[in-house]
Structures are given as structure tokens and as C-alpha cells.
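1. Requesting a structural model of the entry that follows:
(one chain, ligands or ions: 3)
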Amino acid sequence: MDSERQHSLLAHQKNILSKIALGESLNEIFDDICLAIEEIIDDKAAKCSILSLDGKQLFHCAAPSIDPEYSAIINGVHIGEAVGSCGTAAHRNSRVIVENIETSPLWQNFKEVALKFNLKSCWSTPITSSQSEVLGSFAIYHDHPKRPSKKDLELIDYFVNFSSIALEKLQHLNKVENLINDLEISNKKLNAFTKVMPDPALILSEEGVYLDVYGSSEDLLAYSTKQLINKNVNDILPKKYASAIMKTLKKTLASNEVQVFEYELEVQKGLVIFEGRTTPIIYEQPGEKPKKHILWVSRDITLRKKAEKEIEKLAYYDPLTNLPNRRLLTERLTRCVERIKRSQKTGALLFLDVDNFKRINDSLGHSAGDELLIEMTKRLSSVVRASDTLARIGGDEFVILLEYIGENNEHATDEAAVVAQKLQRVFYEKFQIGALAFQVSGSIGICLIENINSSVENILKFADTAMYRAKVKGGNGYSFYDSRLQTLLEKQTELETDIIRAIDSNEFCAYFQPQVDVKGKITGCEALIRWNHPIKGLIAPNEFIPIAEQFGLIQKLQNIVLQDICRLMNQLTHLDIIDSEFNLSINISQNQFNSSTLKTELLNIINNFKVTPSRIKLEITESMLAHDPLHTLQQMEELKALGFSFSIDDFGTGYSCLSHLHAYPVKELKVDKSFIDNILNNTSGLSIVETIINLAKNLDITVVAEGVETQQQFDILKEMEIDAIQGYLIAKPMPFKQYLEWQKQYLIQSSATNK
Ligand code: C2E
Ligand code: CA
Ligand code: CA
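-> Ligands and ions are numbered 1, 2, ... in the order given. Here you go, the predicted structure:
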């Protein structure tokens with residue numbers, strides 16, 4: 001290279017490099033490169049073109065001496081084999097020298113255009129990056145076929161080198177620009193997001209130092225962001241939280257898992273319940289390498305917690321008294337039973353029911369009832385320990401669950417009794433409701449909870465059963481559950497339902513047993529109820545009368561008997577086989593006798609059948625006389641005034657009120673069968689009967705002997721001048737028709753013997 005060219009080359013080099021360094025536009029730099037090579041290369045006809053590559057296509061960059069129309073036509077050409085010199089060179093990543101475009105197979109598809117612009121030869125060299133990737137191509141055209149000299153090629157390489165520096169720099173700049181753009185976009189997104197993010201998000205270091213704070217407001221932070229940054233959790237949070245949070249941070253990093261926890265914190269907004277979530281993240285601090293830190297997001301769940309509490313309250317507490325309801329009790333009882341099964345200890349469940357609550361509620365109204373329950377809750381709560389559960393599970397039903405009451409059954413029984421007594425003491429003082437003061441009492445049933453017994457449902461049921469027994473015993477007391485009691489009660493309930501069914505299916509009727517005097521004359525008969533059970537057969541009254549009494553069914557049964565009596569009476573009258581002294585006896589039970597409706601019930605039926613009360617003898621027992629003497633006397637007087645007469649049944653068995661007998665309007669005494677049974681066996685039986693007969697004679701009361709079975713008994717009684725006898729010796733109790741038949745036959749026979 002001559003010195004002039006050398007000089008010019010250096011001048012161009014300096015110019016181009018400075019433009020590259022200054023970041024001038026690529027077109028300007030490439031224009032300069034083209035002009036420089038055109039000037040320096042040997043042949044003045046040389047034209048230079050630079051194309052940059054976009055993966056698959058070549059785009060025009062600079063060709064200051066070539067017709068722009070040509071450049072426009074080839075702009076965007078897809079690289080490939082036989083795509084002129086440049087397309088092929090870029091495709092092959094190696095220099096392609098075409099001396100004669102017209103004859104070259106590589107130009108077959110493009111030669112027409114080239115020739116049109118008088119371009120005859122084209123040497124193309126790929127511009128490559130430092131990593132040898134193709135960035136574009138560099139071409140020298142001539143208007144005549146030409147082959148390059150060695151020098152030409154050196155020069156081309158020299159300028160291609162510049163081109164690659166320029167292109168590579170541009171690429172790098174583009175990359176940086178893109179990165180900055182991306183970063184700006186994601187920053188904007190992050191800002192937009194954190195500005196509306198309600199949950200504060202904190203970045204903490206492993207040591208618990210606040211590194212960054214994000215979030216829409218500082219309300220939910222204990223201090224401002226500024227005050228937090230670079231401070232340690234231990235300096236900011238109350239001690240109990242700080243240590244818990246530090247543990248959680250450590251755990252988050254150690255487990256590499258999200259930790260969720262709840263905490264309550266006094267923040268700028270006030271006391272807030274948070275749900276915290278800590279996640280390990282790789283986070284970079286300015287001037288530091290990326291490091292594992294912790295992202296701690298805090299969500300304000302105060303409202304949610306409040307709502308949850310409300311819901312729980314509704315589901316588990318009684319709204320009137322705020323006491324646990326049946327559901328909560330059942331849950332606690334379930335847990336208690338499980339614990340007891342493991343621990344072998346004993347607990348107890350006390351079921352308290354207010355006596356006569358219904359009456360208070362009905363007579364004073366519900367709000368008064370509510371007031372009473374609230375006051376009762378207050379009193380009961382003061383007696384029950386905090387570890388026990390006092391629940392309200394129904395209108396006036398309270399339950400006290402004592403989780404541990406003793407080591408064993410005996411100990412627990414004593415303790416439970418003490419608690420029951422304490423509970424009863426809350427009733428000592430009257431309950432003030434409005435202007436009125438009430439004496440209220442409660443019945444308590446106790447079921448011990450032992451490791452062997454207990455299913456939750458049974459414990460409640462058993463305590464209820466025991467409570468019921470306390471009620472039956474008169475209320476205002478407590479009673480322990482006893483499994484025998486349960487069986488009995490179950491049987492009784494079954495029987496009760498069966499009686500109700502049987503009344504509807506007309507399974508009850510009266511049997512009749514005659515009474516005769518010592519001369520053999522029929523003086524009357526006693527009606528005795530029978531149950532004609534479709535499966536069990538004939539059932540005697542002792543098996544069902546007590547239940548019928550207990551469940552309030554006795555009146556219905558009595559009415560059946562009474563109707564049968566009236567029918568019999570009318571039949572006997574119709575047959576004209578009785579005189580005016582003939583009496584029909586009917587048994588009256590205690591409850592019935594006390595009932596205020598007894599008179600109307602009796603009258604309604606007998607009036608219906610047109611039977612007069614003077615035909616009816618009411619059998620009551622001795623103990624009924626003793627029960628409530630004044631009321632009894634009054635009741636008897638009233639019934640007597642209507643025409644009914646009275647007989648004292650089972651006489652001698654009750655704690656006798658022989659001395660008071662004269663005070664009552666009694667027409668007859670029935671000496672109990674037990675005395676008649678003993679009349680032949682020992683002297684005491686005999687003398688008792690004798691005494692009764694003498695006493696009765698003095699009071700002008702007739703005496704009937706019950707259960708006379710033998711002729712010897714009859715003979716002795718006759719000697720003692722008994723008035724009448726009743727028993728199997730004469731006849732067994734008989735159903736309606738049979739009895740009628742019997743009485744007719746008896747009359748025929750006795751009139752025959754009398755004749
Ligand atoms: P009660 O009033 O003392 O009736 C007499 C019972 O002795 C009857 O038993 C009768 O069948 C039985 N009896 C009569 N003579 C003899 C005898 O010679 N030997 C033996 N071994 N027994 C005899 P029943 O009918 O089983 O009645 C039992 C109890 O049921 C009655 O005792 C009475 O207290 C009650 N009862 C019966 N019917 C009624 C009723 O309609 N209403 C009420 N409230 N109670 C009734
Ligand atoms: Ca009787
Ligand atoms: Ca009797």
C-alpha cells in the first residue's frame with residue numbers, strides 16, 4: 001500500500017472509529033465506510049453496499065453510490081443458497097465472489113435487476129460478530145465482470161471488521177435499551193400494584209432486619225416505612241411477637257416453605273388481627289449480591305375474625321343467656337368422654353330442670369320467663385367453676401358438665417351430690433320479676449361419666465331420666481341415674497303408648513264380682529277393669545293402673561268402667577232382678593279423687609244412662625283419707641250430697657285412722673284379703689277382723705270381707721256377724737254377659753233353696 005493510501009486509510013479509520021464511539025447513526029457510519037472503500041479500492045468503478053441481517057432477511061443499510069431503486073428492490077431479501085452474492089454469503093457465512101453476474105448460477109433469479117442497473121460483478125463478505133454469528137453482508141459491485149485482487153480482499157476484510165464493530169455495538173446498545181425498557185415497564189407494573197395493594201409486604205433479612213416495605217398505606221404498620229427500614233424486628237415489635245416472628249422467619253428459610261400465622265398487633269390504625277405469610281425469596285439490595293430474604297405479607301383479618309366470632313356465637317351459644325347451647329355442650333361432652341376413656345377418671349353431667357317453669361311462663365308471659373332464666377343463669381354461673389360447662393339446652397333445661405369430679409365412682413358420687421346441693425341453693429332466695437317475687441325450685445338428674453359407660457347421647461338421656469325421677473319424687477331434689485331405673489322407665493313408656501292405643505281399640509272393659517250377705521242375698525257387685533290385650537291376653541289392673549295414673553290416663557279408663565256399670569245397672573233394672581238396696585262399686589284412684597273434675601265426669605256419664613248416684617258406691621283407700629284430710633272430707637261431703645256413697649277399700653292395710661273414721665261419710669269398710677287369709681291360721685288375724693267389725697257396728701258402717709275363698713272363712717265371718725262377703729267362694733270377677741247370666745241363675749237357685 002502506498003503511503004498516500006495508507007494515510008487516507010488511517011484518516012478514514014480514525015473518522016469511522018470516532019463515529020462508532022460517539023454512537024452516531026449506523027447509516028452514517030456505513031455510508032462513510034462505503035465511501036471510504038470506494039475511494040481507496042483500486043477500481044474507480046467499485047460501489048459498496050452494506051446490508052444488515054435480521055435473522056433470515058437482509059435489509060439495506062448503506063449504498064451511497066448505488067441507485068436507490070436497486071437497493072429498494074433487493075431490500076428484505078430472504079437469505080439462502082443462490083440468492084445473489086449477499087444472500088448466499090450470509091447464508092453460508094463465507095465469502096462469495098461472483099466475477100460475472102450474468103453467468104453465475106447464484107444470480108439466476110436476480111441478474112435481471114442487477115444488469116438493469118449495470119451491475120456486472122459482486123463480491124460479498126459476511127459481517128460477523130466476535131462470536132462468528134452473521135450480522136450482515138458487505139458487497140463490492142462493479143459495472144464490469146471483475147475478480148478481486150489479494151489486496152482488494154485485504155481491504156474488504158479491513159472494512160468488514162469496522163462494520164462488524166459498528167453492528168455489534170449497535171446490537172449491544174439495542175439489548176441494553178430493551179432491557180431498560182422492560183425494567184421500566186415492570187417497575188411501573190410493580191408500582192401500580194403496590195400502590196393499591198392493601199396488604200403491607202415487608203422484606204426482611206434472615207436476621208430480622210426490615211429491608212423494604214411495600215403497600216398502599218402505612219396504617220397497618222406499627223411505624224412509618226422510614227422508621228422501619230434497617231431496624232430489627234426485635235426493636236420494633238413487642239417482645240412476645242418479636243421472638244415468635246424471629247422463629248417463623250428462621251423456619252421459613254429452613255423449610256423453604258410458606259408459613260402462615262395469626263397475630264394481633266397495635267398498629268397506627270389501632271389493634272388489628274393479622275394473618276401473616278412468610279415466603280423465602282431471592283432479593284437483591286443495592287450494592288449487594290442477590291440473597292435469600294423473606295417476604296412477609298400481612299393481611300388485616302380483623303373483620304373476618306369478628307364475623308367468624310359472630311357466626312360461632314350464633315352456632316354455639318344460646319342468645320338469651322349467652323350460655324353454651326346443646327351443640328357446644330355436645331362437643332365438649334364428646335371431648336370429655338374421650339379424655340375420661342383415656343384417663344380412667346370420672347366426670348358427671350347434671351341435668352337441671354326448673355319445676356313448674358311452664359306455669360310461670362304461661363301465667364306471666366314469655367318475657368317474665370326470660371327474665372327468670374337470665375337471673376337463674378346468673379345464679380348458676382356463680383356456683384359453677386370456670387372449668388365446668390354450664391349450658392342451656394332447652395326452655396328451662398340447664399346442663400352442668402363437670403369434666404373431672406373424682407378418681408372413682410364413689411368419690412364422684414359424693415362430689416356430684418355436693419354440686420347438686422350447691423345448685424339447689426340458688427333457689428333458696430326468691431326470684432324477683434317485676435313487682436312479684438317467686439319461690440322457684442329445680443329438679444336435678446345426675447349421670448356419672450365413667451370410662452366404661454358412656455356414649456354422649458346416653459349420658460344426656462340418662463341424666464334426663466334421673467331428673468325425671470327427681471321430678472316424680474316431688475321435685476326440688478336431685479337423683480342419680482340408675483340403669484335399672486332406665487329399663488323400668490322404658491317399659492313404662494312402652495306401656496303408656498300401648499294403653500293409649502288400647503283405649504282407641506276398645507280393649508278395656510269392666511268385669512264384675514258379686515257381693516252377698518250372710519243370708520246369701522246379692523247386695524251388689526264391684527266393677528274391676530280388665531285389659532283384653534290382642535297379644536298378651538287378659539291383663540290384670542295392677543299391671544297398668546299405676547302407669548295409667550302416672551301418665552294421666554286413669555280418667556279415660558274410669559269412664560269406660562263407669563259406662564259398663566251403668567249398662568249393667570240398666571240391664572238389671574230392666575230384668576227386674578234387683579231391689580233398691582243393690583249397689584255397684586267402682587274403684588277410685590288417688591289422682592282421680594283429687595281431681596276437680598271428678599264430680600262432673602261421674603255425673604255426666606251416669607246422667608247419660610239415667611242411673612242415680614245412690615246406686616254407685618265409690619271405693620277409696622284408707623291412705624287417701626290420710627293424704628289431705630280436709631280436702632278429702634270436702635270432696636266426700638260434696639259427692640255424698642249428690643247421692644254417692646263411700647266404701648273404704650283394703651281396710652286395715654294403711655296406717656289406720658280408725659279413730660277418725662267417724663268424721664268421714666263412710667258407708668262401708670272392706671276388710672283386706674290379707675286378714676281374711678289369716679283368719680283361720682292365727683288368732684291375731686281373727687281378732688283384727690273382730691275389732692274392725694265391732695268398731696264399724698258402733699259407727700253404723702257395714703263391713704264387707706274381701707277375698708273369701710273357703711266355706712270355713714265364710715262360716716267364721718258369719719259368726720262374727722259380718723255384713724257381706726266378696727270372693728271366689730261366691731264367684732270370680734266375670735265379664736258383662738256372663739255376670740248377668742250368673743246373677744239370673746243364682747236367683748233361680750236361691751229361690752229354689754228358700755222354698
Ligand atoms: P281391689 O279393689 O282390692 O279388688 C279386689 C281384687 O281382689 C280384684 O283383683 C279381685 O279380682 C281380687 N279378688 C276378689 N276375690 C278374690 C279371691 O277370693 N281370691 C283372690 N285371690 N283374689 C280375689 P283385680 O281385679 O286384679 O284388681 C286389683 C286391683 O286393681 C283392685 O283391688 C283395685 O285396687 C284396682 N282396680 C281394679 N279395677 C279398677 C278400676 O276400675 N279403677 C281403679 N282405680 N282401680 C281398679
Ligand atoms: Ca275394690
Ligand atoms: Ca280391696
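2. For this protein, which strand extends over the most residues?
-> Longest strand of the chain, by residue count under DSSP state E: strand 270-283.
3. So what sits opposite the residue lying closest to C34 once chain neighbours are set aside in the bridge?
-> Sequence neighbours aside, C48 is the residue nearest to C34 in space, at 3.8 Å (criterion: CB to CB, 6 or more residues apart in numbering). Backbone N, C-alpha and C define where each C-beta goes, glycine included. Note on C48: beta-bridge partners by DSSP bridges are I140.
4. dump the residue contacts of C48.
-> C48 sits next to 33-35, 37-38, 62-65, 138-141 when contact means CB atoms under 8 Å, 6 or more residues apart in numbering.
5. Let me see the domain layout of the chain.
-> Residue ranges for the domains of the chain, per automatic domain parsing: 3-174, 197-300, 308-485, 501-740.
6. For N187, find the nearest of those.
-> The minimum distance between N187 and the domains of the chain falls on domain 197-300, with 12.5 Å, by CB to CB.
7. how long is the closest one end to end?
-> 12 Å (CA to CA, to the nearest Å).
8. For it, the averaged confidence score.
-> Averaged across domain 197-300, pLDDT comes to 90.
9. who's in contact with the residue in the stretch 201-350 of the chain that ligand 1 sits nearest to?
-> Going by CB to the nearest ligand atom, ligand 1 is nearest to L350 of the stretch 201-350 of the chain, at 36.6 Å. By CB under 8 Å, 6+ apart, L350 lies in contact with 399-402, 416, 419-420, 423, 444-446, 463, 478.
10. any idea which element the closest residue to ligand 3 within the stretch 101-250 of the chain lies in?
-> Closest residue of the stretch 101-250 of the chain to ligand 3, CB to the ion: K240 (81.2 Å). Following DSSP states H and E, one finds K240 within helix 239-255.
11. What's the local residue count around G215?
-> Using other CB atoms under 10 Å, the number of residues around G215 comes to 20.
12. Phi first, then psi, for it.
-> phi 140, psi 160 (degrees, to the nearest 10).
13. Test my guess that it contacts M197.
-> Yes - taking contacts as CB atoms under 8 Å, G215 lies within contact range of M197: 5.4 Å.
14. Could you list the low-pLDDT ranges of this structure?
-> 1, 452-453, 485-486, 654-659, 755 (pLDDT under 70).
15. So which residues on it come close to ligand 1?
-> Residues of the chain found near ligand 1 (CB under 6 Å from any ligand atom) are 513, 528-529, 540-542, 545, 558, 561, 587-589, 619, 649-650, 706-709, 726-728, 733.
16. quick one, the longest strand of the chain and helix 239-255 angle?
-> If you take axes from the mean of the first three to the mean of the last three CA atoms, to 10 degrees, strand 270-283 sits at 30 degrees to helix 239-255.
17. check which helix or strand covers F138.
-> When elements are assigned from DSSP H and E, F138 belongs to strand 134-142.
18. Report the backbone C-alpha coordinates of that strand in PDB.
-> Output in PDB follows, covering the C-alpha atoms of strand 134-142 (Å, rounded to 0.1, in the frame of the first residue of the first chain):
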ATOM      1  CA  VAL A 134     -23.600 -13.400  10.800                       C
ATOM      2  CA  LEU A 135     -24.700  -9.800  11.400                       C
ATOM      3  CA  GLY A 136     -25.000  -8.800   7.700                       C
ATOM      4  CA  SER A 137     -23.000  -8.700   4.500                       C
ATOM      5  CA  PHE A 138     -20.700  -6.400   2.800                       C
ATOM      6  CA  ALA A 139     -20.600  -6.200  -1.100                       C
ATOM      7  CA  ILE A 140     -18.500  -4.600  -3.700                       C
ATOM      8  CA  TYR A 141     -20.100  -4.200  -7.100                       C
ATOM      9  CA  HIS A 142     -18.500  -3.300 -10.500                       C
END
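19. So what angle separates the directions of the helix or strand following that strand and strand 134-142?
-> Remark: after strand 134-142, the chain's next helix or strand is helix 150-196, criterion DSSP H and E. Here the directions of helix 150-196 and strand 134-142 differ by 140 degrees (the same axes, to 10 degrees).
20. Which elements pack onto the helix or strand following helix 150-196?
-> The first helix or strand that comes after helix 150-196 along the chain, using DSSP H and E, is strand 201-204. Judged by 3 or more CB pairs under 8 Å, 6 or more residues apart in numbering; DSSP states H and E, the packing partners of strand 201-204 are strand 210-214, strand 291-300.
21. Adding distance to ligand 3, write those strands out as JSON lines.
-> What follows is the helices and strands packed on strand 201-204, written out as JSON lines (distance: least, CB to the ion, whole Å):
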{"stretch": "strand 210-214", "distance to ligand 3": "97"}
{"stretch": "strand 291-300", "distance to ligand 3": "83"}
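22. Contact partners for G652?
-> Residues in contact with G652 (CB under 8 Å, 6+ apart) are E622, V671, D672, S674, F675, I688, I692.
23. Mark which of the contacts of C48 are buried, thanks.
-> Using 16 or more other CB atoms under 10 Å as the burial test, these include I33, C34, I37, E38, A62, A63, P64, F138, A139, I140, Y141 as buried.
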